[in-house]
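Student: Give me the fold of what follows.
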Amino acid sequence: MEKVKSNLDNNKVLLGLSGGVDSTTAAFLLKEKGYDVTGYYFDITGKNETGAAEAKDVADQVGIPLITEDVSELFQEIVVQNFCSEYSTGRTPNPCVVCNPGVKFRRLLQQADQIGAYYIATGHYARIFFEELQEKYYVKQGANLRKDQSYMLYRLGQEVLSRLIFPLGEYENKESVRSLARSQSLINADKKDSQEICFIPDNDYGSFLEARGCEAASGDFVDSDGRVLGRHKGIIHYTVGQRKGLGIALGRPAFVTRIDVEKNQIVLGENQDLFSKSVFSSQNIFAAGSDSARDYDGVPVLAKVRYSARPSAAILRILDDGRCETLFEEPQRAATPGQSIVWYKDDYVIGGGFIL
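Tutor: Residues are numbered from 1 along each chain as shown. Predicted structure coming up:
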């Protein structure tokens, strides 16, 4: 595989710089290795002057130039519209999975081409693995398994992976990164990690969706036999596996086991009703290319049904209609429509898809 495009400098790196400690430490590490680093801050709202200023402050401290771009229009089109559409159809999206190929790494690559940089980089806790026999690049789990972000990156293609650097991939814990940041007196060494979705800082999904015209008509809570248990406030407020915030008292723990959009019903059941050994997925993608899908039919894999889940042993089946079926050895809890299932071979990502 050709390593460096003739018109790009393989010593130049464009780094996604958010203003947080991870990306700032990544900038320092890249400079320590002798790379010519440029920071890139993309504003997803078009109004985040505070975020842009914080990114500029850390770029100045590390001693790198910074490019700031308003990507709000693209972000609305690719991420927010998908977020609203999915919730309106009873599914629970993961916006980072959509943003990474559609916005973040897409714009990083385009900007890198514009400034003549071959490499792009971010502060993700993940690694890149090059398989020599196939001459293909794969996302590999980060050494820090607690912070590993490989699950979020499964939809990146070869064009991105072949030019991507993860400077924090070998760090086994977050405190080591903070300690390095402190040793260099970086101004954000002790800045807290963000816990919310970046475009919903107050974490109020329902209000965000309603403000954008998403349907929120009330309907019935029902049990698995269709018996009415009470009233819900609109399907956009619920997700499979949810227990808290249901707004109904049954005298026993109740969980959302299914969302019936056609009937506008939320089906409630017991925790045991959430477990299944079989998970179907669509819009599946494989790191080695779609033509490699059949190579994995019937192959043992490790699979995750959500970011925080542990990889579990399974068999992957490639179906004729383009869907995949993942057959787990042990039942998985709350495989949620709209979320991603991601498949691993050893510790690297071979592909994934959206759960049906």
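Student: So which bits of stretch 150-168 are buried?
Tutor: 150-156, 160-168 (16 or more other CB atoms under 10 Å). In this view, the C-beta of every residue, glycine as well, is placed from N, C-alpha and C.
Student: Stretch 345-355 too?
Tutor: Using 16+ other CB under 10 Å as the test for burial, stretch 345-355 gives 345, 347-355.
Student: chain center to it: distance?
Tutor: Its chain's C-alpha centre lies 13 Å from the corresponding centre of stretch 345-355 when counted by CA atoms, centre = their mean, to the nearest Å.
Student: which residues are contacting it?
Tutor: 129, 138-141, 150-151, 153-155, 279-288, 293, 296, 301-302, 305, 323-324, 335-344 (CB atoms under 8 Å, 6 or more residues apart in numbering).
Student: Just the CA atoms of that stretch, as CSV, please.
Tutor: Once non-C-alpha atoms are left out, stretch 345-355 reads as follows in CSV (Å, rounded to 0.1, in the frame of the first residue of the first chain):
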residue,chain,number,x,y,z
LYS,A,345,-10.8,-10.3,16.1
ASP,A,346,-8.5,-10.6,19.1
ASP,A,347,-8.1,-6.9,20.1
TYR,A,348,-8.7,-5.2,16.7
VAL,A,349,-12.0,-4.1,15.1
ILE,A,350,-13.1,-6.0,12.0
GLY,A,351,-16.4,-4.2,11.6
GLY,A,352,-19.8,-3.4,13.0
GLY,A,353,-23.3,-2.3,12.2
PHE,A,354,-26.5,-0.8,13.7
ILE,A,355,-28.6,-3.0,15.9
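Student: which residues does residue 231 bridge with?
Tutor: Beta-bridge pairing for residue 231 (DSSP bridges): residue 220.
Student: wait, it sits on residue 222?
Tutor: No. Applying CB atoms under 8 Å as the test, residue 231 and residue 222 come out as separate, 10.7 Å apart.
Student: More neighbours: which of these two?
Tutor: residue 222 (20 against 12; other CB atoms under 10 Å).
Student: so that one touches residue 266, yeah?
Tutor: Yes. At 7.4 Å, residue 222 counts as touching residue 266 under the criterion of CB under 8 Å.
Student: Which strand in the chain has the most residues?
Tutor: Longest strand of the chain, by residue count under DSSP state E: strand 275-286.
Student: Centre of the chain to the helix or strand harbouring residue 110, how far?
Tutor: Using DSSP states H and E, the element containing residue 110 is helix 105-115. With CA atoms, centre = their mean as the basis, helix 105-115 stands 20 Å off its chain's centre.
Student: And stretch 193-213, by the same measure?
Tutor: Using CA atoms, centre = their mean, the offset of stretch 193-213 from its chain centre is 16 Å.
Student: Same question for stretch 287-300.
Tutor: A distance of 22 Å separates the centroid of the chain from that of stretch 287-300, by CA atoms, centre = their mean.
Student: Between the two ends of that stretch, what distance do you get?
Tutor: 17 Å (CA to CA, to the nearest Å).
Student: Just the buried residues of it, please?
Tutor: Using 16+ other CB under 10 Å as the test for burial, stretch 287-300 gives 287-288, 293, 296.
Student: possible to save the residues you listed as TSV with secondary structure and pLDDT?
Tutor: Output for the buried residues of stretch 287-300, formatted as TSV (DSSP: H, G, I helix; E, B strand; the rest coil; pLDDT from 0 to 100):
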residue	secondary structure	pLDDT
287	coil	93
288	coil	89
293	helix	88
296	helix	93
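Student: which residues sit against the helix or strand of the chain with the lowest mean pLDDT?
Tutor: The weakest-scoring helix or strand in the chain, judged by mean pLDDT, DSSP states H and E, is helix 205-211 (a mean of 91). Here helix 205-211 makes contact (CB under 8 Å, 6+ apart) with 83-84, 87-88, 199-200, 216, 233-234, 236-237.
Student: could these be laid out in TSV, adding distance to residue 107, neighbour count and pLDDT?
Tutor: Below are the contacts of helix 205-211 laid out as TSV (distance: CB to CB, whole Å; neighbours: other CB atoms under 10 Å; pLDDT from 0 to 100):
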residue	distance to residue 107	neighbour count	pLDDT
83	18	26	97
84	22	19	96
87	25	27	96
88	27	18	95
199	16	17	90
200	21	15	90
216	32	17	80
233	37	16	94
234	34	19	95
236	29	22	95
237	32	20	94
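Student: Quick check: of those residues, which lies closest to residue 117?
Tutor: Nearest to residue 117, judged by CB to CB, of the contacts of helix 205-211 is residue 199 at 27.3 Å.
Student: tell me the contacts of that closest one?
Tutor: 44-45, 75, 79-80, 95, 208.
Student: what does residue 116 give?
Tutor: Contacts for residue 116 (CB under 8 Å, 6+ apart) come out as 7-9, 12.
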